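Trainee: curious how this folds, go ahead:
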Amino acid sequence: GFDLANQFLEWCYDYANDEYPYFIYSSEKFPTEEEQISFIRAYLDQLVEEGVIPSTSVEDEIKVILQEIDIFSMAVNLLWALWSWKMTFLSSKDFGYEVSLTKSQKLQFLILKTP
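Mentor: Next up is the predicted model:
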């Protein structure tokens, strides 16, 4: 769940920006539940194809993973917020770490606000 939560959070960031803060953040790019299910299903279908899990468990696994993503999204956000805060002081790179920290805090608020 943690890795997928991180993957989906990354969908919100575009690092191909040449101007400060050198990324563009858009919370609207966080995948919808339908998009998450499609992504998870493709992942699980590959595991079925490789014989790692039985095909009968896919639907149950999707539900479990969706719950894990909800829970771990907060942990991922905290991880990147703390990393951004640390890098604000330690990095000599010209990158918008403090902007990233602010975005992480706003996304965390949105996650907590979502029913």
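
Trainee: tell me the secondary structure of Asn6, please.
Mentor: Look at Asn6: counting by DSSP: H, G, I helix; E, B strand; the rest coil, its state is helix.

Trainee: what about the longest helix in this protein?
Mentor: Longest helix in the chain by number of residues (criterion: DSSP state H): helix 58-90.

Trainee: and that helix, what other elements does it pack with?
Mentor: Judged by 3 or more CB pairs under 8 Å, 6 or more residues apart in numbering; DSSP states H and E, the packing partners of helix 58-90 are helix 2-10, helix 33-49, helix 97-113. All C-beta atoms are positioned from the backbone trio N, CA, C, and that covers glycine.

Trainee: and those helices, which one averages the lowest pLDDT?
Mentor: Of all these, mean pLDDT reaches its minimum on helix 97-113 (a mean of 51).
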